[in-house]
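**Student:** everything below, folded, please.
(one chain, ligands or ions: 2)
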Amino acid sequence: MSADSAIAAPPRAASVGFSDVGRAFSIRSRRKPDATRDVLSGVRLEVGAGEIVAIIGASGCGKSTLLRIAGGLDAPTSGAVSIDGNPVRHFDPRTAVGFQEPRLLPWRSIADNVALGVPRGTPRVGARQNVDRLIELVGLTESAGLRPREVSGGMAQRAALARALCRRPGVLLLDEPFGALDALTRLKMQDLLIDIHTAEPTTILLVTHDVDEALQLADRVVLLARSEPEGPASVSQIVTVPGHRPRDRGSAELAELRARLLDGLGVDRHGTAHGVAAVTTIPHYPY
Ligand SMILES: Nc1ncnc2c1ncn2[C@@H]1O[C@H](COP(=O)(O)OP(=O)(O)OP(=O)(O)O)[C@@H](O)[C@H]1O
Ligand SMILES: [Mg+2]
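**Tutor:** Ligands and ions are numbered 1, 2, ... in the order given. Down below sits the predicted model:
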């Protein structure tokens, strides 16, 4: 295969299947050396190839854990996850992950950071052209030679997205990718993600705390919730979002879905959760 045909090959979006996924973590103490806590239990979800699915849920309910399991960064204690019908492998090469913070190497240029995503064994010429194309896609061509400290948070996050796309992932796993950005940059990044999905129609699993972001970007929104206060979380609602992207943020239809999802999250219609004022963003407690 020539370098050019390697560049032209579109990423093949993959389907993802979660069948009865459970994850328990050890919470052993001196008195209870074998104690475990179920974080996830019986998670069932089929994500179609090319679909964008947003995962929302209260802090600590297991969203990141589920995403890590989908990428083979963690393993379920029960059930299984498959990609295109085959079991997920350790650090599955069919997936790429993007996090809340861009995690760029400070001593490398933006272009070289993006190039870190290129899989080993890719022909050098093809790899460089692919990196350049993705840098252009995320609007960083003029800044490709800068170091991470010389670019804004939004630009760094765009570089991280391009780095993830270099892997030509069948499934892109994004864990609150815009959570650290200001509101305006966040809206721009949401538009960028829609453009990226149009140009590189990969499957996207997006964990977000922002119900509006979920409704703007996703084909379906999955609410993870516990049925008992200390119990494990599972899928409690799946909402299919009507209309094509980009959607009208002010539509009455989306407002109704927003209210329904906020209700599922335990946030009342005035946006107050656990005594914390919040409009549509769920309070986030990093640990
Ligand atoms: N490696 C681990 N060992 C023990 N417990 C863990 C581990 N990873 C996660 N947990 C626990 O599992 C629960 C779910 O964590 P997870 O990070 O998946 O939540 P989350 O829904 O992504 O939360 P947030 O919205 O705050 O990011 C938490 O109670 C966390 O303490
Ligand atoms: Mg998380």
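**Student:** Three-state assignment for the residue nearest the centre of the chain, please.
**Tutor:** The structure's the chain has its C-alpha centroid closest to Leu174; by C-alpha atoms, centre = their mean the separation is 1.8 Å. Put simply, Leu174 is strand when judged by DSSP: H, G, I helix; E, B strand; the rest coil.
**Student:** shaky segments in the protein?
**Tutor:** 1-11, 268-287 (pLDDT under 70).
**Student:** near ligand 1, which residues of the protein?
**Tutor:** 25, 39, 57, 59-65, 284 (C-beta under 6 Å from any ligand atom). (C-beta placed from N, C-alpha, C; glycine too.)
**Student:** now, of the residues you listed, which are buried?
**Tutor:** Those of these that meet the buried threshold are 39, 57, 61-65, by 16 or more other C-beta atoms under 10 Å.
**Student:** can you list which of these are found in strands?
**Tutor:** 39, 57 (DSSP state E).
**Student:** out of the buried ones among the residues of the chain next to ligand 1, which is nearest to Glu136?
**Tutor:** Within these, the smallest distance to Glu136 is 30.7 Å, found for Ser64 (C-beta to C-beta).
**Student:** now do the helices in the stretch 101-250 of the chain.
**Tutor:** Assignment of helices within the stretch 101-250 of the chain using DSSP state H, counting those that start in this stretch yields the ranges 110-115, 124-137, 153-166, 183-199, 211-217.
**Student:** by contact count, what packs against the second one?
**Tutor:** Based on contacts counted as 3 or more C-beta pairs under 8 Å, 6 or more residues apart in numbering; DSSP states H and E, the elements that helix 124-137 packs against are helix 3-8, helix 110-115, helix 153-166, helix 183-199.
**Student:** just want the angle from that helix to helix 153-166.
**Tutor:** Per axes from the mean of the first three to the mean of the last three C-alpha atoms, to 10 degrees, the angle that helix 124-137 makes with helix 153-166 is 140 degrees.
**Student:** which stretch among the helices of the stretch 101-250 of the chain comes nearest Pro93?
**Tutor:** Closest among the helices of the stretch 101-250 of the chain, once you apply C-beta to C-beta, is helix 153-166, at 12.2 Å.
**Student:** what angle do that closest one and helix 183-199 make?
**Tutor:** Going by the same axes, to 10 degrees, helix 153-166 makes 20 degrees with helix 183-199.
**Student:** in helix 153-166, which residues are buried?
**Tutor:** 154-166.
**Student:** tell me how far Pro169 lies from Leu161.
**Tutor:** Using C-beta to C-beta, to the nearest Å, Pro169 is found at 11 Å from Leu161.
**Student:** same check on Val88?
**Tutor:** Distance from Val88 to Leu161, by C-beta to C-beta: 22 Å.
**Student:** please look at Ala160 and Leu105 and confirm they touch.
**Tutor:** No: using C-beta atoms under 8 Å, Ala160 is not in contact with Leu105, being 11.2 Å away.
**Student:** hey, what's in contact with both of those two?
**Tutor:** Common neighbours of Ala160 and Leu105, counting by C-beta atoms under 8 Å, 6 or more residues apart in numbering, are Asn113.
**Student:** contacting residues for the residue nearest to the centre of the chain?
**Tutor:** Contacts for Leu174 (C-beta under 8 Å, 6+ apart) come out as 97-98, 204-207.
**Student:** out of the residues you listed, which comes closest to Val81?
**Tutor:** Closest to Val81 out of the contacts of Leu174 is Leu205 (10.8 Å), distances taken as C-beta to C-beta.
**Student:** what number of residues lie near Leu137?
**Tutor:** Leu137: 18 surrounding residues under other C-beta atoms under 10 Å.
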